[in-house]
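1. What shape does this take:
(one chain, ligands or ions: 3)
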Amino acid sequence: MKSVKVGLLGLGTVGTGVVRIVEGHQEDLSSQVGSPIVIEKVAVKNIEKTRSIDIERSKLTEDPWEVICDPEIDVIVEVMGGVDQTKEYILEALNRGKHIVTANKDLMALYGAEIMDVAREKQCDIFYEASVAGGIPIIRTLIEGFSSDRIMKIMGIVNGTTNYILSKMSQEGASYDDVLAEAQELGYAEADPTSDVEGLDAARKMAILGSLGFRTNVDLQDVAVRGITTVSKEDILYAKRMGYEIKLLGIAERQDDEYSISVEPTMVKHSHPIAAVSGVFNAVYVYGEAVGETMFYGPGAGEMPTATSIVADLVAVIKNQKLGVNGLRAIGPYKPKKLKDDEQVAYKNYLLLQVADKAGVLSKITQVFAEYDVSLESVVQSPNASMSDVEIIIVTHNASKAAMNKVLSHFESLDVIRKVKSVYRVEG
Ligand SMILES: NC(=O)C1=CN([C@@H]2O[C@H](COP(=O)(O)OP(=O)(O)OC[C@H]3O[C@@H](n4cnc5c(N)ncnc54)[C@H](OP(=O)(O)O)[C@@H]3O)[C@@H](O)[C@H]2O)C=CC1
Ligand SMILES: N[C@@H](CC=O)C(=O)O
Ligand code: NA
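-> Ligands and ions are numbered 1, 2, ... in the order given. Take a look at the predicted model:
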């Protein structure tokens with residue numbers, strides 16, 4: 001029986017898991033695909049590095065081109081990261097008729113459409129399940145499971161590091177800096193954690209999910225991004241008191257047949273299933289017009305969960321080879337991009353205001369909301385902020401960003417409002 005030969009680019013956290021699964025589950029895998037799967041060559045940065053797995057030294061190279069150009073290799077598994085140089089490797093591999101499996105969200109968020117075009121032209125597969133929510137089969141689900149439905153909304157906790165930080169701050173009152181250091185030690189955070197905490201990692205993943213959900217091409221710059229660096233312990237405490245959990249949510253939504261995609265810290269009602277997703281776990285909530293509510297939960301990163309998705313993609317490539325249908329799944333975005341004007345995107349808002357403790361203050365504030373046609377869901381007064389001030393928490397009904405911006409700029413000229421302490425989107 002002819003074996004399928006795999007070239008691995010990278011043997012770090014994910015690459016090591018791929019070798020473990022291919023070797024450890026070999027019997028089962030080869031029964032499924034009808035051929036043994038062999039890791040033929042592996043590119044690494046430093047060939048002298050001590051590895052936690054046994055791998056023949058003759059298979060290792062420090063030159064990725066050796067893997068890409070090897071005519072024996074059928075499939076390239078790219079788990080080394082990087083964007084521009086890595087794109088070159090992948091395009092050349094496709095040009096040589098090799099199928100690609102990648103975990104690279106940075107690359108797919110920026111160049112996914114272009115790479116898929118080349119893959120289709122070359123009748124090659126490009127699978128990237130591990131790039132979003134590492135161990136959760138969400139890409140497959142959006143492409144295949146929901147092919148019959150119209151996706152109205154995707155809400156994702158797609159960054160484990162920030163969910164870990166927010167959960168620890170909420171559950172243990174831990175400080176932001178301490179928990180970030182812990183997340184780095186545990187290997188959840190990116191090499192530069194700025195992309196985690198500033199929301200960029202989640203934005204890349206939401207560009208991918210938005211493209212799949214709406215079957216259009218969502219670019220990274222189409223995603224409005226706000227990270228978690230300004231979320232205070234006080235915000236988390238107040239949120240809990242009001243029945244919310246603060247989560248860094250990626251939200252891709254269809255409103256009036258136009259799309260908006262964002263990543264921002266959001267107040268999620270405790271009753272919503274995504275509010276219960278804590279620690280480093282990921283979850284993706286998908287609302288389909290026909291199916292209604294669904295949610296997918298699991299590990300978003302880590303050696304074995306991420307490698308599970310990679311090897312499942314590898315199995316899919318080989319099954320397609322047997323059927324002679326490689327390249328047919330690389331259906332690029334086929335719908336025109338209809339982004340909603342950012343100012344017209346509407347949702348509920350939570351505001352924490354520090355105001356003067358005087359008669360008539362509340363009516364002055366509510367008049368401002370009324371002037372811009374923003375209706376209120378609840379108004380709660382909190383214990384004294386100081387001797388002369390009180391804090392007021394307001395939750396609005398759905399209001400456009402334009403209307404909310406008008407409210408907030410009007411507040412600047414209202415002397416009874418000492419400070420707008422926080423503003424958050426509300427979901428659930
Ligand atoms: N870690 C995770 O949980 C997840 C990771 N991903 C994605 O998977 C990819 C890999 O991540 P991860 O395994 O964590 O990364 P690591 O940093 O652990 O591993 C990277 C690997 O690539 C090799 N490498 C890096 N640059 C080069 C180069 N120029 N030439 C040859 N080899 C090179 C490194 O070699 P050496 O070993 O010699 O240093 C290393 O083996 C990234 O795209 C990441 O975003 C996606 C989901 C989850
Ligand atoms: N840094 C990322 C790793 C997986 O993509 C995260 O925290 O989720
Ligand atoms: Na996934």
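2. I'd like the distance from the helix or strand hosting E182 to the chain centre, please.
-> The secondary structure element spanning E182 is helix 176-185 (assigned by DSSP states H and E). Centroid separation for helix 176-185 versus its chain: 20 Å, with C-alpha atoms, centre = their mean, to the nearest Å.
3. anything in the helix or strand sitting right after it along the chain sitting right up against ligand 1?
-> Counting by DSSP H and E, the element after helix 176-185 in chain order, helix or strand, is helix 194-197. No. For helix 194-197, no contact with ligand 1 is found by C-beta under 6 Å from any ligand atom; the gap never falls below 9.7 Å. The way it works is simple: take the backbone N, C-alpha and C, and place the C-beta from them, glycine included.
4. What parts of the chain come near ligand 3?
-> Residues of the chain lying close to ligand 3 by C-beta under 5 Å from the ion are E129, A133, I136, I138.
5. of these, closest to ligand 2?
-> A133 (8.0 Å; C-beta to the nearest ligand atom).
6. Not counting residues beside it along the chain, what's closest to that closest one?
-> N282 (4.3 Å; C-beta to C-beta, 6 or more residues apart in numbering).
7. partners of the one you found in the sheet?
-> Bridge pairing for N282 (DSSP bridges) gives the partners G298.
8. how close does it get to Y334?
-> 27 Å (C-beta to C-beta, to the nearest Å).
9. Repeat that for K87.
-> K87 sits 23 Å away from Y334, taking C-beta to C-beta as the criterion.
10. And the pLDDT at the residue of the chain found nearest ligand 1?
-> Residue nearest to ligand 1 within the chain (C-beta to the nearest ligand atom): G12, separated by 1.8 Å. Predicted confidence (pLDDT) for G12: 95.
11. Could you give the backbone dihedrals for the residue of the chain most remote from its centre?
-> Computed with C-alpha atoms, centre = their mean, the residue of the chain farthest from its C-alpha average is A359, at 46.3 Å. In terms of degrees, to the nearest 10, the main-chain angles of A359 are phi -60, psi 140.
12. Considering the residues of the chain next to ligand 3, which possesses the most neighbours?
-> Greatest neighbour count in these, by other C-beta atoms under 10 Å, goes to A133: 32 neighbours.
13. what about the residue nearest to A133, how many neighbours?
-> Using other C-beta under 10 Å as the criterion, the residues surrounding N282 number 26.
14. any residues touching the host helix or strand of V22, and which ones?
-> According to DSSP H and E, V22 maps onto helix 13-24. Residues outside helix 13-24 that contact it (C-beta atoms under 8 Å, 6 or more residues apart in numbering) are 6, 8-9, 11, 29, 37, 39, 42, 51-53, 55, 77, 79-80, 103, 130, 187, 302-304, 306-308, 310-311, 314.
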